[in-house]
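**Q** got a structure for you, letters missing:
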C-alpha cells in the first residue's frame, strides 16, 4: 500500500530532514515512528530534503505500508507520538507508482524576515530578524532576475554531486519569486520552482537581502547568476527563516 | 525621570512577571538589565502580573531612570541584552506621576486555542491544542454572561489576599469578551476588563471551553459566577495560550 503524507515540522531541533545514522533528523524520527505503528521498517521518499534548522508546513513524503493498514489510525498515532514538533496533516493512499520526490512538479518555499529595530519573541524561531532598514523595492528588483530557467551554480553551495555522482546539472526553472510587505516589519519572500539545488533559497535570500541593504545591486545578482560559479556565492540567509511551504504534483 | 515602556515576551521559560528572589522572572531580568544600563537599581511597576508561562505582547512597565538618561539608547541596549525572548517595543518619558499599574484603565488579554485533530508545530508555544471539536456558538454563549460588573470569586484561584491583606474585593468590570474563528482550527478569545484577579482569564477560558465541549452549559457558567465560591472553580486553561495583549491608560 503506497502512502502519501503531508507533514509540518519545526526544524529547530533537527539536523535536517534526510535520515542519517547517529543524528536526529525529521525523516529519521518519522520513519521510526511509522515503523513502530505499522510493524515493519519503512523507507521514506520526500519532496524536499530540508537542511538543519529549516522548517516545513507542507513537506510531502511517501512510503509503503502493509496492505490493509488503517491510515486514519496511523495519522492519529503519529501525531500523538511526534506532535507538536512534527505534525502529520494528511495521510492518504496514493497511486502505487507515486513517489513524493520524483512525482513532484513544483516546490514552493517561504522565507520570513522581520525588519524592525526590536525583535519579536513569537517570531524568534521562524523569522530572520534584521534591524537595519531594508528597501522593499530593491528586494523585489534583486529577486526579479532569478525568475526563469537558469544555471544556479552560483547559488548552490555544494559541489555538483547529484545522487552520488558529480556533474549533475544545476539548471532549475524558477516559476515565481517575490516579496510581500505584511506590515509591522514583516517581509515575506515566496519562491516556487520545479526543484531547488542545495541551499539555493537561502543563498538567493542572502544575496537579495544585500540588495535590500544597498550593499549589492540587482545587476550584481544578475552578474552572479551568469558567473555560474560558487566562488562568488553570497552568504546564505539563516535556516530558521525558511519554510518548505507547498509541493504540487 | 519617570519612564514608561511597552514590553513583549515569550513567557515559556519565565516564572511569571513579578520579580521574586531566586527564580527567573520577566520583571527580574528587566530590572537587572535596566539597572545595568542606567547605572542604578530600579523598581518596576507593571500593568499585569502575568503568571508562569503566560506571554505578553503589550505589557506596560514604569520605573525611574536618572535625569538625562538616553531612552533610545536604553531601548536598544535592552533589546540586544534580552532579545528575542523579551522585546522592548517602546520606551518613552512619562508624566512624573505615571504608574503602569495604578494608571491603567483597562487590560486586554488574548487566549488562543487550536481546535483540530493535528497539532501545529509553529503554535505549540502560544496556543492550547484541543483535538475534540468545540462548538463555537457554545463558546460564545458561555462567555456572554461574564460581560459586565461581577464578583469573580469563583474564577479567582488564590484566597482573597490583595496587596498582602486578605479580604480585597474580587469585583471586576468586564467590558468585552468574545470568540473569533480565524479558520484552520484557530479560535481566539479576547477579553477586556478594568482589571483581573489572579488566574481569572485562564479560569474563564477553562469554564467556557467546557461549554464548547458540551460538558458545561452557559447556565452553569452563570450559576458558577453567582456562587462566588472558589470551590466550584473550573480547571484553568494552560498558561501558554494566554497573552497580555494591550493596556489602555
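**A** Perfect, I can see it now. It should be emphasised that the depicted structure is a prediction, and the values quoted were computed from it without experimental measurement.
**Q** which other residues reach stretch A:50-58?
**A** By C-beta atoms under 8 Å, 6 or more residues apart in numbering or on different chains, the residues outside stretch A:50-58 that reach it are A:6-12, A:14-17, A:26, A:48, A:59, A:108, A:110, A:126, A:198-199, A:202, A:238-240, A:242-247, B:121-122. Placement of C-beta: from N, CA and C, glycine included.
**Q** buried sites along it?
**A** A:50, A:51, A:53, A:54, A:55, A:56, A:57, A:58 (16 or more other C-beta atoms under 10 Å in any protein chain shown).
**Q** what do you get for stretch A:58-74?
**A** In stretch A:58-74, counting by 16+ other C-beta under 10 Å, buried: A:58, A:59, A:60, A:61, A:62, A:63, A:65, A:69, A:71, A:74.
**Q** Restricted to strands, list those.
**A** Per DSSP state E, strands hold the following members of the buried residues of stretch A:58-74: A:58, A:59, A:60, A:61, A:62, A:63.
**Q** which of the residues in stretch A:7-22 are buried?
**A** A:7, A:8, A:9, A:10, A:11, A:12, A:14, A:15, A:16, A:17, A:18, A:19.
**Q** for the closest residue to the fourth one other than its chain neighbours, what are its contacts?
**A** Closest residue to residue A:10 in three dimensions, ignoring its sequence neighbours and counting by C-beta to C-beta, 6 or more residues apart in numbering or on different chains: residue B:121, at 3.9 Å. The neighbourhood of residue B:121, defined by C-beta under 8 Å, 6+ apart, consists of A:8, A:9, A:10, A:55, A:83, A:84, A:85, A:86, A:87.
**Q** Filter the contacts of stretch A:50-58 down to the ones in helices?
**A** Members of those lying in helices (criterion: DSSP state H): A:26, A:202.
**Q** Which of the contacts of stretch A:50-58 fall in strands?
**A** Those of the contacts of stretch A:50-58 lying in strands (DSSP E): A:6-9, A:59, A:108, A:110, A:242-247.
**Q** how about a markdown table for those residues, with distance to residue B:96 added?
**A** Formatted as a markdown table, those follow (distance: C-beta to C-beta, whole Å):
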| residue | distance to residue B:96 |
| --- | --- |
| A:6 | 58 |
| A:7 | 56 |
| A:8 | 51 |
| A:9 | 51 |
| A:59 | 56 |
| A:108 | 55 |
| A:110 | 48 |
| A:242 | 48 |
| A:243 | 48 |
| A:244 | 54 |
| A:245 | 51 |
| A:246 | 55 |
| A:247 | 59 |
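**Q** Can you get me a residue count around the closest residue to residue A:202 other than its chain neighbours?
**A** Nearest non-adjacent residue to residue A:202, counting by C-beta to C-beta, 6+ apart: residue A:236, 3.6 Å away. When neighbours are counted by other C-beta atoms under 10 Å in any protein chain shown, residue A:236 registers 19.
**Q** got a list of what residue A:236 touches?
**A** A:157, A:199, A:202, A:203, A:205, A:206.
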